[in-house]
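Student: A structural model of the following input is requested.
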Amino acid sequence: MTDSPWTTVEAAVARADDFLLSLRAHGREGAFRTSLVHDPARWPGVLLPGSYDALMALRLTGGLDRLSPAERDAAARFLKTFRGADGSFRNPQHTPESTFKRPEREETDRYIQFHLGNYSLGALEALGDAEPPVLDFVRWALDPAAVDAWLARRDMRDPWLEGNNIVNLASFLLLFARRGGADEAAAHASLRRLVDWHHFNQEPATGFWGVGQTHTPAGHLHAMAGATHNFHLFYALGEPIAHHRAIVDYCLTLPTSIMSACIDVDVVDILANFLILHDYRRADIRAWLSAKLAAVLAFQGPDGGFSDLRDGVRRLDGWIGGYEEPQGISNAFGTYFRLIAVAMIATVLWPGRHPWRFRRMIGIGYFPDHQSSP
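Tutor: Residues are numbered from 1 along each chain as shown. So this is what the prediction gives:
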């Protein structure tokens, strides 16, 4: 490829950094709004996702260096205002009436707890926060039998939802494993349970997980989106992924035009990793990624940020009766996820050209340093 596309990437990143920094909330030290229309006085709880998305996006690009040490410390302190004694993070504006992921109240609450926890801890890690994370809220998962029972309750009719649940739980177990001692041994035993469950339940025809995923186009797409998260566990543990040809073949059938920020980053995540890990259709993958990169860069807004979609209403995951804003406007979430896609593509097309800083915790934004590039 020529230098022209790379120059476009550099310019897009600089503009995105400017947009993200413009989201700093006046009068709330260390906090970031989720968009320029977000009113923190009415929706203070939205400052949590606004902040962790903006901070991890800035860490990814290197724009975090534009914040002083004092500003980074203030951001870490602000994130911790949402943390409870057990280490979980909570948006105080979430109520049982306004949140939903599954009919079982416990499943909805835990999904949101896991989601906020993974991204909040990821932002604290991005900031270089020295305080060890408090993980008491998920200490139950150090018991492999408890993990077995939890896995038995996964509703694989919705593999996208459950892929998020699984990667978030695995991210916490990997944090336990870093600690050494008894926690490390117990965490690895539970991680082994997760891996074994995946090997047993993987669908050979697709390489993904989920009930009825081959019956409808939507089912196949959602299984792919869920599997993106599941694969992070394999990357982190160096575990081989079976049926890679079916996975790549399907991903290459998806359009290179813009879809949602989630779907776009999910398929880019798979193809960028599999380009490195497998000697299969590499020229096709490079061509697909190049076309997707062009589409994402063309989608950047005039303010330098990215939206999720052009039309509709944007709500926060699981908060069906809470904050909403129009789609089509730039926001921290859309900007972070689309920058991840840009960074992953740029890493495999121009290795070493930019010091991207992917997150260390698994979950969207994680991109392992594989042993070698193709």
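
Student: Report the residue spans of the chain with pLDDT below the cut-off.
Tutor: 1-3, 371-374 (pLDDT under 70).

Student: Would you check that I112 makes contact with K101?
Tutor: Yes: at 7.1 Å, I112 counts as touching K101 under the criterion of Cβ atoms under 8 Å. In short, each C-beta sits where N, CA and C put it, glycine included.

Student: For the two, list the residues in contact with both.
Tutor: G318 (Cβ atoms under 8 Å, 6 or more residues apart in numbering).

Student: Could I get the full set of strands for the stretch 101-250 of the chain?
Tutor: With DSSP state E, counting those that start in this stretch as the definition, the stretch 101-250 of the chain shows no strands.

Student: now the helices for it?
Tutor: Remark: helices assigned in the stretch 101-250 of the chain by DSSP state H, counting those that start in this stretch are 105-126, 144-152, 159-178, 181-201, 217-237, 244-251.

Student: count of neighbours near Q93?
Tutor: The tally of other residues near Q93 (other Cβ atoms under 10 Å) stands at 16.

Student: how near is it to V37?
Tutor: For Q93, the distance to V37 equals 17 Å [Cβ to Cβ, to the nearest Å].

Student: now Q327
Tutor: Distance of Q327 to V37, given as Cβ to Cβ: 12 Å.

Student: Can you tell me the closest non-neighbouring residue to W197?
Tutor: Leaving out its chain neighbours, the residue that sits closest to W197 by Cβ to Cβ, 6 or more residues apart in numbering is L151, at 5.1 Å.

Student: contacting residues for that neighbour?
Tutor: Per Cβ under 8 Å, 6+ apart, neighbours of L151: 193-194, 197.

Student: D53 reaches L339, doesn't it?
Tutor: No: between D53 and L339 there is no contact, the gap being 10.1 Å when judged by Cβ under 8 Å.

Student: In terms of packing, which of the two has more residues around it?
Tutor: Neighbours were counted for D53 and for L339 using other Cβ under 10 Å; L339 has more, 29 against 25.

Student: Now L64: closest residue in space, sequence neighbours ignored.
Tutor: L58 (4.1 Å).

Student: so that neighbour is in which element?
Tutor: Assessed by DSSP states H and E, L58 sits inside helix 47-61.

Student: tilt between that helix and helix 105-126?
Tutor: In terms of direction (axes from the mean of the first three to the mean of the last three Cα atoms, to 10 degrees), helix 47-61 departs from helix 105-126 by 40 degrees.

Student: Please pull up the helix or strand immediately following helix 47-61.
Tutor: Next along the chain from helix 47-61, counting by DSSP H and E, comes helix 69-80.

Student: What is that following helix packed up against?
Tutor: Helix 69-80 sits against helix 47-61, helix 105-126, with contacts defined as 3 or more Cβ pairs under 8 Å, 6 or more residues apart in numbering; DSSP states H and E.

Student: Mind checking those helices for the one nearest to L23?
Tutor: Closest to L23 of these is helix 47-61 (Cβ to Cβ; 5.4 Å).

Student: What is that closest one packed up against?
Tutor: helix 3-22, helix 69-80, helix 105-126, helix 332-349.

Student: what's the closest of the ones you listed to G30?
Tutor: helix 69-80 (3.4 Å).

Student: List the neighbours of that closest one that are in contact with it.
Tutor: Here helix 69-80 makes contact (Cβ under 8 Å, 6+ apart) with 28-32, 47-48, 51-52, 55, 64, 67, 89, 120, 123-124, 127-129.

Student: try it again with 7 Å
Tutor: 29-31, 51-52, 55, 120, 123-124, 127, 129 (Cβ atoms under 7 Å, 6 or more residues apart in numbering).

Student: what's the answer for stretch 187-201, then?
Tutor: So stretch 187-201 is in contact with 141-142, 144, 147-148, 151, 166, 170, 173, 176-177, 209, 230, 233, 237, 239, going by Cβ under 7 Å, 6+ apart.

Student: what does stretch 39-50 give?
Tutor: 23, 25, 28, 31-34, 38, 82, 89, 91-94, 116, 120, 316, 323, 332-333.

Student: out of these, which are buried?
Tutor: Among the contacts of stretch 39-50, those buried by neighbour count (16 or more other Cβ atoms under 10 Å) are 23, 25, 28, 31-34, 38, 82, 89, 91, 93-94, 116, 120, 316, 323, 332-333.

Student: any idea which helix or strand carries E325?
Tutor: Assigned by DSSP H and E, E325 falls in strand 324-326.

Student: how far away is the closest residue to W6 other than its chain neighbours from V248?
Tutor: The shortest distance from W6 to any non-neighbouring residue, by Cβ to Cβ, 6+ apart, is to W350 (5.7 Å). Distance of W350 to V248, given as Cβ to Cβ: 21 Å.

Student: Looking at these two, which one has more neighbours?
Tutor: With neighbours defined as other Cβ under 10 Å, W350 and V248 compare such that V248 has more, 21 against 14.

Student: So that one sits against A283, correct?
Tutor: No: contact criterion Cβ atoms under 7 Å: V248 and A283 do not qualify, at 12.0 Å.

Student: what residues does stretch 319-336 touch?
Tutor: Contacts for stretch 319-336 (Cβ under 7 Å, 6+ apart): 16, 19-20, 23, 32, 34-35, 37-38, 43, 46, 49-50, 53-54, 56-57, 93-94, 97-100, 261, 301, 303, 305-316.

Student: Just the buried ones from those residues?
Tutor: When the contacts of stretch 319-336 are checked for burial by 16+ other Cβ under 10 Å, the buried set is 16, 19-20, 23, 32, 34-35, 38, 43, 46, 49-50, 53-54, 56-57, 93-94, 99-100, 261, 301, 305-309, 314, 316.
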